[in-house]
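K.L.:
when you get a sec, could you give me coordinates for this:
(chains A, B, C and D)
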There are 2 protein chains.
Amino acid sequence: MHGGVHIISNVQPLRHATVDGIAARRCAAGLLASVPAVMRFIRQEMRAHRQAQLSVPQFRALVFVSLSDEPSLSAMAEHLGLSLPAASRLVDLLVKRGLMGRRVDVADRRRVSLSLTARGRATCRRARRATQAALARRFERLSAQDLALVSRALGILGHAFAAGGGRAETVE
Amino acid sequence: MHGGVHIISNVQPLRHATVDGIAARRCAAGLLASVPAVMRFIRQEMRAHRQAQLSVPQFRALVFVSLSDEPSLSAMAEHLGLSLPAASRLVDLLVKRGLMGRRVDVADRRRVSLSLTARGRATCRRARRATQAALARRFERLSAQDLALVSRALGILGHAFAAGGGRAETVE
DNA sequence: TATTGTTATACTCTATAACTATA
DNA sequence: TATAGTTATAGAGTATAACAATA
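P.N.:
Numbering: from 1, shown residues only, chains lettered A, B, ... in the order given. From the prediction side, this is the model:
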């Protein structure tokens, strides 16, 4: 919208068509076409693995807590892009399943501190391994070049879309 | 697991560690880290836009029907990776909202033919435009090089994860 | 009064099981 | 009997609104 100013004329002229604008729109279309399909694959893998049996939000919650130091519920909600009630319900389930601990913060009794149980850590690790293995199997058809390209692109994407537009959590 | 055979020794040795295996695992980890965040962004954008107000599955259903020729419910379910009941419910909603048409196939009365209403086509188009614009805004911070790289990677990803591992639908 | 959570309510997504209708 | 869908049921994800507790 405000990056470059060169108009390309051998491409369909779009509103506000600039070099960057066109490339950005192409990326946006690609994302819309491919991300839901990948997500569906991830979800099905997560749910399929017998021992772990996690939904994607559950898994993400476990990962976040495992990488943080006794985070509050709000911190988790913000990181995952969830409303506070949604986060609260999510934690309910994980606590009920014995994967997460929740206790009132002694310093500020409004806050809640989240932590993983030993079982939570193990489950998280198993789910990650199984899902990564399934994803990796799909990737093994690709050439080394394509893999390198995808790997770099994912880093860029993760950075651009991390909660708040800031840092990307790196899983493993 | 069965691609290359060279063992790399200056990288942490993983089980079955091959050139391809390691790169594939790196991609898998990247996907797990970035795709859910991107998905969340897409979902929030889809739901935020006043006129359209579609969930991601609803949008995907509209896109699929718009690109197919009076597809059956089963075809849609398979393409979207949904169970038949889930697809049926999804269509219920879209029909009730006046976005999709559903009629019994005269040739085989067990089948159902799906189509978009004029309003469905318009809604689909609006939702796509609004969401792509929001995504593109995120992308405009990136350099032209990064955009090109991401664009190519998304093509590869879409292909690798299209339903059945086959073709990827291209949205616009 | 502002912040942190939880509860209440309502919808959507999704699966499995049981069923209906058609071929 | 096999195929295409629907209905029944259940649980998870998610939001907004209303509430409670603490600072």
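K.L.:
does any bit of stretch A:84-98 sit next to chain B?
P.N.:
No. No part of stretch A:84-98 sits near chain B under the criterion Cβ under 8 Å from any Cβ of the partner chain; the closest distance found is 11.4 Å. No exception for glycine: its C-beta is placed from N, CA and C like everyone else's.
K.L.:
in chain A, which residue is closest to the centre?
P.N.:
Central residue of chain A (Cα atoms, centre = their mean): residue A:60, 6.7 Å from the mean position.
K.L.:
can you tell me the element that one falls in?
P.N.:
Using DSSP states H and E, residue A:60 sits within helix A:56-67.
K.L.:
which stretches of chain A have low pLDDT?
P.N.:
For chain A, applying pLDDT under 70 flags the ranges A:1-19, A:163-172.
K.L.:
thinking again about what came up before, mind checking how far the helix holding residue A:60 is from the chain centre?
P.N.:
The chain centroid and the centroid of helix A:56-67 are separated by 9 Å, computed with Cα atoms, centre = their mean, to the nearest Å.
K.L.:
what's the angle from the next helix or strand after it to helix A:56-67?
P.N.:
Note on helix A:56-67: by DSSP H and E, the next helix or strand toward the C-terminus is helix A:73-80. Relative orientation of helix A:73-80 and helix A:56-67, computed by axes from the mean of the first three to the mean of the last three Cα atoms, to 10 degrees: 120 degrees.
K.L.:
for the longest helix seen in chain A, packing partners?
P.N.:
Taking DSSP state H as the criterion, chain A has its longest helix at helix A:19-48. Counting by 3 or more Cβ pairs under 8 Å, 6 or more residues apart in numbering or on different chains; DSSP states H and E, the packing neighbours recorded for helix A:19-48 are helix A:56-67, helix A:118-139, helix B:19-48, helix B:118-139, helix B:144-161.
K.L.:
what angle do helix B:144-161 and that helix make with each other?
P.N.:
Per the same axes, to 10 degrees, the angle that helix A:19-48 makes with helix B:144-161 is 30 degrees.
K.L.:
for stretch A:53-70, which outside residues touch it?
P.N.:
A:39, A:42-43, A:46-47, A:71, A:75-76, A:79-80, A:82, A:87, A:90-91, A:93-94, A:99-100, A:113-116, A:120-121, A:123-124, A:127-128, A:131, A:169, A:171, B:36 (Cβ atoms under 8 Å, 6 or more residues apart in numbering or on different chains).
K.L.:
mind listing what's buried along it?
P.N.:
Buried residues in stretch A:53-70, counted by 16 or more other Cβ atoms under 10 Å in any protein chain shown: A:54, A:56, A:57, A:58, A:59, A:60, A:61, A:62, A:63, A:64, A:65, A:66.
K.L.:
check whether that stretch contacts DNA strand C.
P.N.:
No. Residues of stretch A:53-70 are not located near DNA strand C by Cβ under 7 Å from any atom of the strand, the shortest gap being 9.5 Å.
K.L.:
does that stretch reach DNA strand D?
P.N.:
Yes. Stretch A:53-70 reaches DNA strand D (Cβ under 7 Å from any atom of the strand) through A:55, A:56, A:57, A:58.
K.L.:
and the residues you listed, which two are the farthest apart?
P.N.:
Spatial extent of the residues of stretch A:53-70 next to DNA strand D (Cβ to Cβ) is set by the pair A:56 and A:58 at 7.2 Å.
K.L.:
restrict the contacts of stretch A:53-70 to contacts with DNA strand C.
P.N.:
Applying Cβ under 7 Å from any atom of the strand, the subset of these adjacent to DNA strand C comprises A:43, A:91.
K.L.:
buried among the contacts of stretch A:53-70? Make that a ChimeraX selection.
P.N.:
Only the buried entries of the contacts of stretch A:53-70 go into this ChimeraX selection, using 16+ other Cβ under 10 Å:
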select /A:39,42,43,46,71,75,76,79,80,82,87,90,91,94,99,100,113,114,115,116,120,123,124,127,128,131,169,171 /B:36
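K.L.:
interface residues of chain A facing DNA strand C?
P.N.:
By Cβ under 7 Å from any atom of the strand, the residues of chain A that approach DNA strand C are A:40, A:43-44, A:72-74, A:84-85, A:88-89, A:91-92, A:102, A:105, A:108, A:110-112.
K.L.:
which of the residues you listed count as buried?
P.N.:
A:40, A:43, A:72, A:73, A:91, A:111, A:112.
K.L.:
wait, which of the residues you listed is closest to residue A:28?
P.N.:
Distance to residue A:28 across those (Cβ to Cβ) is lowest for residue A:40, with 19.4 Å.
K.L.:
now for the residue lying closest to that closest one once chain neighbours are set aside, how many residues are close by?
P.N.:
By the measure of Cβ to Cβ, 6 or more residues apart in numbering or on different chains, the closest residue to residue A:40 outside its immediate chain neighbours is residue B:81, 4.6 Å from it. A count of nearby residues for residue B:81, using other Cβ atoms under 10 Å in any protein chain shown, gives 20.
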